[in-house]
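**Q** A structural model of the following input is requested.
(one chain, ligands or ions: 1)
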Amino acid sequence: SSLPSPDLAAVRTVHRTALSQGAPGALTRIDEGFVRYHVATGEADTRAHTAMDTGRRFRVGSVSKTFTAVVLLQLAAEGRVDLDAPANRYLPEPLPDDRITVRHLLSHRSGLYDYTNDMFYDTVPGFEAVRNKVFSYQELIDLSTARPPNNEPGAAYSYSNTNFVVLGQLVEHLTGTPIATQYQQRVFAPLRLRNTSYVHPRTTLSGSYARGYLRPDDTALPLVDSTEQTASWAQSAGAVISSAKDLNRFFSALLSGELLPAEQLDAMTTMIPVTADGKQSYGLGLRARKLSCGTTVYGHTGTVQGYYTYAFTTGDGARSMTSLANTSNNGTVNTTLGATLDAAFCGSGPA
Ligand SMILES: CC1(C)S[C@@H]2[C@H](NC(=O)CCCC[C@H](NC(=O)C[NH3+])C(=O)[O-])C(=O)N2[C@H]1C(=O)[O-]
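**A** As a prediction, the model looks like this:
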């Protein structure tokens, strides 16, 4: 490819920095055609002192939003949902504002308040209060609509988990099947993502996986093992479990046109800047980042208790990278881990 070779030494340096900042372990896998690169550092399990390896599964957090967006856009391609219709046309219970369209939800422009702002205001108590809870979509939506909207529909970008919880409810109401069935039939099975699952509300991960460690707000306290949770607070906004190999396969397939017709892929990759420097933008359930070398990559990030994920690919899907650090509530680690993007796609160290 026209890209410089990945800088694996730079990836290792980023991992070591993340560990020095509090991550128990980190992994990065890069795939380009039949060529793959693996870098794993530190521990997947700090009690058993098990070494991290790139084959381990983990909770992907909001990378789940791209899976949900693919299901929605396939339904749109089948003529079963109109992206510019009011979402209320497809929902069992109406949102307070009829002007909110399906596209507003997919692009975080609905204005719907993000209930996790309250739910996780106090990090560990908030997590402990919900880690074994099972929510209905409607319960989560009601938490959101109890608060004023962030903006008029379509007037601004304001990221909100609520948007993708509504979209999960919409998919289930429209198809009459659980979102898990739609993920399985439309994405997991066709791409043979054997290490990817949606097991909500089961709390355990199967197979070989990395344990996740949540940092308390009082950073003097020990990390909290947050591996087992229902992730019911997130569901179609964040409850997918996957691996670096599978996420690389998913994003490569998506951007190379295996999952969506051109019209829907174009809609998904029509990006609107979300940072002042214009380097980060959002489309429909998809992020884009312009890297230090000028290359733009497409994918999503994830933050779920105990796990930070970056999963991105080139515009043609030729080269993909997934990085994980098995901690969270540690913004320094999250920012550090993001530098694996430059190492993977620009062949350079942190910008
Ligand atoms: C926009 C984000 C960053 S937040 C959103 C979603 N994750 C969540 O909403 C979880 C928030 C609480 C997570 C918790 N933090 C606290 O409790 C802080 N008090 C922690 O760090 O484990 C996800 O994933 N998205 C990320 C994304 O899309 O990159």
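**Q** For the stretch 251-351 of the chain, which residues are neighbours of the ligand?
**A** 301-305, 328-329 (C-beta under 6 Å from any ligand atom). Quick note: C-beta positions are derived from backbone N, CA and C, even for glycine.
**Q** Reformat the residues you listed into JSON lines and put distance to Tyr115 next to each item.
**A** Below are these laid out as JSON lines (distance: C-beta to C-beta, whole Å):
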{"residue": "Thr301", "distance to Tyr115": "20"}
{"residue": "Gly302", "distance to Tyr115": "18"}
{"residue": "Thr303", "distance to Tyr115": "16"}
{"residue": "Val304", "distance to Tyr115": "15"}
{"residue": "Gln305", "distance to Tyr115": "16"}
{"residue": "Ser328", "distance to Tyr115": "18"}
{"residue": "Asn329", "distance to Tyr115": "18"}
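**Q** I'd like those residues as CSV, with secondary structure and distance to Gly154 appended.
**A** As requested, these are exported to CSV (DSSP: H, G, I helix; E, B strand; the rest coil; distance: C-beta to C-beta, whole Å):
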residue, secondary structure, distance to Gly154
Thr301, strand, 24
Gly302, strand, 26
Thr303, strand, 26
Val304, strand, 28
Gln305, coil, 32
Ser328, strand, 31
Asn329, coil, 32
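**Q** which of these has the most neighbours?
**A** Gln305 (29 neighbours; other C-beta atoms under 10 Å).
**Q** pLDDT at the nearest residue to Glu152 once chain neighbours are set aside, what is it?
**A** Leaving aside its sequence neighbours, Glu152 sits nearest to Gly111 (C-beta to C-beta, 6 or more residues apart in numbering; 6.2 Å). In this model, Gly111 is scored at 98, pLDDT.
**Q** so how many other residues sit close to Gly111?
**A** Gly111, neighbours per other C-beta under 10 Å, totals 22.
**Q** Could you verify that it is part of a strand?
**A** No - assessed by DSSP: H, G, I helix; E, B strand; the rest coil, Gly111 does not belong to a strand; its assignment is coil.
**Q** That one contacts Ile100, doesn't it?
**A** Yes - Gly111 is within contact range of Ile100, at 7.5 Å (criterion: C-beta atoms under 8 Å).
**Q** between those two, what contacts are shared?
**A** Residues touching both Gly111 and Ile100 (C-beta atoms under 8 Å, 6 or more residues apart in numbering): Pro153.
**Q** Could you spell out the sheet neighbours of the strand or helix carrying Tyr308, each with its direction?
**A** Element membership for Tyr308, per DSSP states H and E: strand 307-314. Applying DSSP bridges, strand 307-314 is found paired with strand 296-304 (antiparallel), strand 319-325 (antiparallel).
**Q** that older thread, I'd like the residues of the stretch 251-351 of the chain next to the ligand as JSON lines, with pLDDT and distance to Leu205 appended.
**A** Shown next, in JSON lines, are those (pLDDT from 0 to 100; distance: C-beta to C-beta, whole Å):
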{"residue": "Thr301", "pLDDT": "98", "distance to Leu205": "20"}
{"residue": "Gly302", "pLDDT": "98", "distance to Leu205": "15"}
{"residue": "Thr303", "pLDDT": "98", "distance to Leu205": "17"}
{"residue": "Val304", "pLDDT": "98", "distance to Leu205": "12"}
{"residue": "Gln305", "pLDDT": "98", "distance to Leu205": "13"}
{"residue": "Ser328", "pLDDT": "99", "distance to Leu205": "16"}
{"residue": "Asn329", "pLDDT": "98", "distance to Leu205": "20"}
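**Q** tell me the average confidence for stretch 83-103?
**A** According to the model, stretch 83-103 has a mean pLDDT of 98.
**Q** how long is it from one end to the other?
**A** Start and end residues of stretch 83-103 are separated by 5 Å (C-alpha to C-alpha, to the nearest Å).
**Q** who touches it?
**A** 72, 76, 81-82, 104-106, 109-112, 138, 141, 145, 149, 152-154, 166-167, 169-170, 173-174, 267, 284.
**Q** what separates it from the chain centre, distance-wise?
**A** Computed by C-alpha atoms, centre = their mean, to the nearest Å, the chain-centroid distance of stretch 83-103 equals 23 Å.
**Q** and what of stretch 145-152?
**A** Taking mean C-alpha positions (C-alpha atoms, centre = their mean), stretch 145-152 and its chain are 23 Å apart.
**Q** what do you get for stretch 166-183?
**A** Taking mean C-alpha positions (C-alpha atoms, centre = their mean), stretch 166-183 and its chain are 18 Å apart.
**Q** Show me what counts as buried in it.
**A** For stretch 166-183, a neighbour-count test (16 or more other C-beta atoms under 10 Å) marks 166-172, 174, 179-180, 182-183 as buried.
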